[in-house]
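Undergrad: how would this look folded up:
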Amino acid sequence: MKKGILLCMIFGIALWAPSQIPTPKTVHEKGCVRSGVEAGCLMVVTLDGKTTYNIMVAKNPPKPGDVIEFWGKEFQGLTYCMQGKAVKVDKWSRLKMKCPLPPYPGR
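TA: Next up, the predicted model:
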């Protein structure tokens with residue numbers, strides 16, 4: 001009897017827990033690529049200078065100084081970079097323009 005109740009509780013928690021995890025938001029932005037404070041971190045400052053993203057690109061990442069458009073999902077969790085809103089990038093493309101922002105916004 002106790003095993004049956006315990007199994008029902010575990011099964012109920014298993015069904016309830018995934019519904020409590022928020023779905024990552026889709027992100028689509030354009031901005032200037034910057035080096036992060038931590039080595040190996042890439043930031044994108046939006047063209048209006050209001051938002052900074054910590055972009056995570058699996059292969060062929062953009063270079064600091066590039067202006068890019070990217071699509072991805074918000075990353076749920078902590079990152080090594082500890083700057084900006086973390087985004088796991090699915091796709092990105094380089095834009096044919098120069099960054100209109102100063103090299104290090106806010107300084």
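Undergrad: Do I have it right that Gln83 meets Val44?
TA: No: using C-beta atoms under 8 Å, Gln83 is not in contact with Val44, being 11.0 Å away. Placement of C-beta: from N, CA and C, glycine included.
Undergrad: what touches both of those two?
TA: Thr52 (C-beta atoms under 8 Å, 6 or more residues apart in numbering).
Undergrad: Residue ranges in this protein under the pLDDT threshold?
TA: Counting by pLDDT under 70, the chain shows low-confidence ranges at 1-20, 104-107.
Undergrad: if we can go back for a sec, with neighbour numbers in mind, choose between Gln83 and Val44.
TA: Neighbours were counted for Gln83 and for Val44 using other C-beta atoms under 10 Å; Val44 has more, 28 against 16.
Undergrad: In space, what's closest to that one - neighbours in sequence excluded?
TA: Gly31 (4.1 Å; C-beta to C-beta, 6 or more residues apart in numbering).
Undergrad: For the helix or strand harbouring the one you found, buried residues please.
TA: Secondary structure from DSSP states H and E places Gly31 in strand 26-35. Neighbour counts over strand 26-35 (16 or more other C-beta atoms under 10 Å) mark Val27, Glu29, Gly31, Cys32, Val33, Arg34 as buried.
Undergrad: who's in contact with the last one?
TA: Think Arg34. Leu42, Met43, Val44, Val45, Pro64, Pro103, Tyr104.
Undergrad: follow-up on the earlier one: so the residue nearest to Val44 sits against Leu42, correct?
TA: No: when contacts are counted by C-beta under 8 Å, Gly31 is not listed as touching Leu42 (11.0 Å).
Undergrad: Tell me which stretches of this structure form helices.
TA: Along the chain, counting by DSSP state H, helices occupy 2-16.
Undergrad: ok now do the residue sitting nearest the centre point of it, which residues does it touch?
TA: Closest residue to the average C-alpha location of the chain: Val87 at 1.1 Å, with C-alpha atoms, centre = their mean. By C-beta under 8 Å, 6+ apart, the residues touching Val87 are Val27, Tyr53, Asn54, Ile55, Met56, Phe70, Gly72, Lys73, Glu74, Phe75.
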